[in-house]
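S.K.: can you look at this prediction? I've put the sequence above it.
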Amino acid sequence: MKNLTELHYFEVPTVMKHGLGAVNYLPEELASLGVKRPMVVTDQGVLKAGIINQVLKPLQEAEVFYILYDEVVYNPPLETVAAGTKKYLENNCDGLVAVGGGSPMDAAKAIGVEIAQGEPVLEYECADGKKPLTKRIPPLVCIPTTAGTGSEVTLWAVITDPARHYKFNVGGPLIAAHLALIDPLLHLSMPSWVTAGTGMDALCHAIECYTCAYAQPQTDAVALLSIEYAGKYLRRAVAYGQDVDARYYMAMSSMLAGLSYGAASAGAVHAMTQTMGGIFPVHHGLAVAATLGPVMEYNWMGEPAKYARIAQALGVNIHGMSERDAALAAVLEVKKLTEDVGIPTLTEMGLTVEDIPRLAQEAFNDPQTIGNPRDIDVKGYEKIYRRCFG
């Protein structure tokens, strides 16, 4: 039972603007934020796909000076953040534009922390004994090119500390983007496997945040619509990448799922995959998708009524079902979706059953374990991982 005597809060510091061709408004939006020398933060994938040109063109036409930092790598490590901070300062930039998936957006947030605070982002890890953020990051516009992480609207950045083989969170309202500029046309060239992985990540955010201990009415509302959109449109987006309607609603699913994070965190899936990603070079969305079904199979007894509602959001006719059967129908429906969009297994991602003890212990140590809707210990994580390996 949620402690209703605690003071809960839900804050959205980010302005959200979206629509086909929204990126063309970037110069005006930067001007309204007072930004004259932005640093554009992206990665080689966005660069090589030519997507970055669709973002830079409006800046060039409006004669907006910009610096391009395209050295972000997947699961961005501390050195990537530090290099971006150095480039920002050396070029006297006064704002940030993040273009890409979660990695460029998280890297840009972390760069913003280092600029504002004047110290390495590691000093502000969300952990006991670390410093709280005290200053707002420089103006940041996030332009997602995938529909999954929702980082354009979350209060979090996830950064890798290579020395510990660990991905840590830094967050709070002061790290949030000032503007999320969501243009589904930028998503049309996304490969099907990326569409699948990122889309399942969005679905997982919504499911975990809807059922976790930190859920509240505001997050429940956006999470349910995110689940509904993902259930209806993800298969279409994977099957035919040029389906603009599917791309639009998956972009909205991702954004709504990002909002569902609220001021708190998720549950066992993200405890597992965030720690997994610090050890192995796995794609976060694919890892999430491969573990979501088994985690739901474990968790449904903690929130059976909400699991029944998830089944309904996914299009299952639960009329006449018992609450138990409806909850289990949600698990089955997610497993069907995972199979339909072609998610690889953990074995196919390079993990083995011999890795389970370490992975289970690391997941248990992750702070997101606390929010899980069913009590879980190391043995519980081992049980889930064994299910993941079949």
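M.R.: In hand now; what should we look at?

S.K.: chain neighbours aside, what residue packs nearest to residue 220?
M.R.: residue 210 (5.8 Å; CB to CB, 6 or more residues apart in numbering). C-beta here means a position set from N, CA and C on the backbone, and glycine is covered the same way.

S.K.: I misspoke; the intended subject was residue 196.
M.R.: residue 341 (3.9 Å).

S.K.: shouldn't the one you found be in contact with residue 231?
M.R.: No - with contacts counted by CB atoms under 8 Å, residue 341 stays clear of residue 231, the gap being 11.6 Å.

S.K.: most distant residue from the middle of the protein?
M.R.: No residue in the chain sits farther from the centre than residue 320, which is 35.4 Å out by CA atoms, centre = their mean.

S.K.: could you measure from it over to residue 96?
M.R.: 53 Å (CB to CB, to the nearest Å).

S.K.: flag the shaky bits of the stretch 101-250 of the chain, pLDDT-wise.
M.R.: Across the stretch 101-250 of the chain, not a single residue meets the criterion (pLDDT under 70).

S.K.: swap in 80 and give it another go.
M.R.: Applying pLDDT under 80 to the stretch 101-250 of the chain flags the ranges 127-129.

S.K.: helices of that one, start to end?
M.R.: In the stretch 101-250 of the chain, the helices defined using DSSP state H, counting those that start in this stretch lie at 102-117, 192-211, 217-239, 244-260.

S.K.: make JSON lines from those helices and add distance to residue 365 to it.
M.R.: JSON lines is the format used below for the helices of the stretch 101-250 of the chain (distance: least, CB to CB, whole Å):
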{"stretch": "helix 102-117", "distance to residue 365": "21"}
{"stretch": "helix 192-211", "distance to residue 365": "18"}
{"stretch": "helix 217-239", "distance to residue 365": "25"}
{"stretch": "helix 244-260", "distance to residue 365": "24"}
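
S.K.: domain assignment for this structure?
M.R.: When the chain is parsed with automatic domain parsing, its domains come out as 15-187, 192-388.

S.K.: relative to residue 7, which of the ones you listed is closest?
M.R.: domain 192-388 (10.9 Å; CB to CB).

S.K.: any idea how far apart the tips of the closest one sit?
M.R.: 23 Å (CA to CA, to the nearest Å).

S.K.: check stretch 22-36 too.
M.R.: 20 Å.

S.K.: could you do stretch 113-125 as well?
M.R.: OK, stretch 113-125 end separation, CA to CA: 11 Å.

S.K.: just stretch 165-180 next, same as before
M.R.: 30 Å.

S.K.: who's the nearest residue to residue 75 once chain neighbours are set aside bridged to?
M.R.: Nearest non-adjacent residue to residue 75, counting by CB to CB, 6+ apart: residue 160, 4.8 Å away. Residue 160 has these beta-bridge partners by DSSP bridges: residue 77, residue 167.

S.K.: who's in contact with residue 160?
M.R.: 75, 76, 77, 78, 166, 167, 168, 277, 278 (CB atoms under 8 Å, 6 or more residues apart in numbering).

S.K.: how near is the spatially most central residue of the chain to residue 27?
M.R.: Nearest to the geometric centre of the chain sits residue 149, at 2.3 Å (CA atoms, centre = their mean). Distance of residue 149 to residue 27, computed by CB to CB: 25 Å.

S.K.: pretty sure residue 151 sits against residue 261.
M.R.: No - using CB under 8 Å, residue 151 is not in contact with residue 261, being 9.7 Å away.

S.K.: go ahead and confirm residue 82 touches residue 120.
M.R.: Yes - between residue 82 and residue 120 there is a contact under CB under 8 Å: 6.8 Å.

S.K.: below-threshold pLDDT in the stretch 251-390 of the chain: ranges please.
M.R.: In the stretch 251-390 of the chain (pLDDT under 80), the answer is 262-265, 390.

S.K.: how near is residue 235 to residue 250?
M.R.: In terms of CB to CB, residue 235 sits 10 Å off from residue 250.

S.K.: my bad, residue 106
M.R.: Taken as CB to CB, the span from residue 106 to residue 250 is 20 Å.

S.K.: repeat that for residue 372.
M.R.: For residue 372 relative to residue 250 (CB to CB), the value is 26 Å.

S.K.: more neighbours, the two?
M.R.: Between residue 372 and residue 250, counted using other CB atoms under 10 Å, residue 250 has the larger neighbour count: 31 against 24.

S.K.: what are the phi and psi angles of the residue farthest from the centre of the chain?
M.R.: phi 90, psi -10 (degrees, to the nearest 10).

S.K.: then stretch 270-279 to PDB, C-alphas only?
M.R.: The C-alpha coordinates for stretch 270-279 follow below in PDB (Å, rounded to 0.1, in the frame of the first residue of the first chain):
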ATOM      1  CA  HIS A 270      15.800  -1.400 -15.500                       C
ATOM      2  CA  ALA A 271      17.700  -2.600 -12.500                       C
ATOM      3  CA  MET A 272      18.700  -5.600 -14.500                       C
ATOM      4  CA  THR A 273      19.400  -3.900 -17.800                       C
ATOM      5  CA  GLN A 274      21.100  -0.800 -16.500                       C
ATOM      6  CA  THR A 275      23.600  -2.900 -14.600                       C
ATOM      7  CA  MET A 276      23.900  -5.300 -17.500                       C
ATOM      8  CA  GLY A 277      24.800  -2.500 -19.800                       C
ATOM      9  CA  GLY A 278      27.600  -1.400 -17.500                       C
ATOM     10  CA  ILE A 279      29.200  -4.900 -17.900                       C
END
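
S.K.: buried residues in that stretch, which are they?
M.R.: Neighbour counts over stretch 270-279 (16 or more other CB atoms under 10 Å) mark 270, 271, 272, 273, 274, 275, 276, 277, 278 as buried.

S.K.: now stretch 61-68
M.R.: Buried residues in stretch 61-68 (16+ other CB under 10 Å): 64, 66, 68.
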